[in-house]
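**Student:** Give me the fold of what follows.
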Amino acid sequence: MLHVHHFQRSGRKRGTSILEASHPAGPFTPLVNRAATPANMMALDGILYIDEKGAPWLVYCHEWLEVTDGRILAQRLAPDLKAVKGKPVELLRAGTAPWAGPIKSQGIEGYVTDAPFFHRTKNGELLMLWSSFTKNGKYAIGVARSASGQLHGPWRHDPEPLNTDDGGHSMLFRDFNGQLRISYHAPNTAPDTRVRIYSVEEHNGKLNIIQ
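**Tutor:** Numbering: from 1, shown residues only. Below is the predicted model of the structure:
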């Protein structure tokens, strides 16, 4: 059982690590006691992706506070997952999504990328769910589609996000009855945020959240 999580320590940039456990409830311990993402990069929200050849990749966000226009990057992993190989490959930037709007924090204005998650549709499309803020400042879940059907894309954004309830950081899964469901947190304000779980309809590669 693997878990990908980001950490931050004083004097070091936030990074994403891979942890392992023998049970879903843990305890989880680091596969290697260091970040898998580059040490010179603010990185978060990593996920493990296995490509069509069976090769493992770490997909993660390059923090918008560092690059202004937040990015989602992919980096090849060694077969044992203990080290990255080669240079990061850029998959998309938040500012290219037609629905995304900038936010301001710490004196910086830019576009957020959060929480990439991949889903292969019934018609064979490869989707990437990811989160950012809309032009009216609400947190939301976007959908990008790989034109090649593979990790390297190119990735094309759907014009509108999946939701309007100020929520994001989503994952898709199937319940014990085979029903496709989505989980994410909403609204994006403490202390009111809660994990929401809804059914999802899929038709011709399009997803629709049933609330």
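
**Student:** Let me know the helix or strand that H185 is in.
**Tutor:** strand 180-186 (DSSP states H and E).

**Student:** And the contacts of that strand?
**Tutor:** 131, 139, 141, 162-163, 165-175, 193-202, 207, 209 (CB atoms under 8 Å, 6 or more residues apart in numbering). All C-beta spots, glycine's among them, are computed from the backbone N, C-alpha and C.

**Student:** residue ranges for the helices of the protein, please.
**Tutor:** 64-67 (DSSP state H).

**Student:** quick check: mean pLDDT across the strand holding H185?
**Tutor:** Averaged across strand 180-186, pLDDT comes to 98.

**Student:** Can we start the residue count at 30 from this point?
**Tutor:** In the new count, where the first residue is 30, that last one comes out as strand 209-215.

**Student:** Now do the buried residues in that strand.
**Tutor:** Within strand 209-215, the residues scored as buried using 16 or more other CB atoms under 10 Å are L209, R210, I211, Y213, H214, A215.

**Student:** Please apply the same query to stretch 225-236.
**Tutor:** Here stretch 225-236 shows R225, V229, L236 as buried, counting by 16+ other CB under 10 Å.

**Student:** give the contact list for the first one.
**Tutor:** Residues in contact with R225 (CB under 8 Å, 6+ apart) are D194, G196, S212, Y213, H214, A215.

**Student:** Averaging pLDDT per element, find the lowest-scoring helix or strand in this protein.
**Tutor:** Ranking every helix and strand in the chain by mean pLDDT, DSSP states H and E puts strand 31-36 at the bottom, with a mean of 50.

**Student:** Please report how far H232 lies from G83.
**Tutor:** Relative to G83, H232 is positioned 30 Å away (CB to CB, to the nearest Å).

**Student:** I should have written H186 there, sorry.
**Tutor:** 28 Å.
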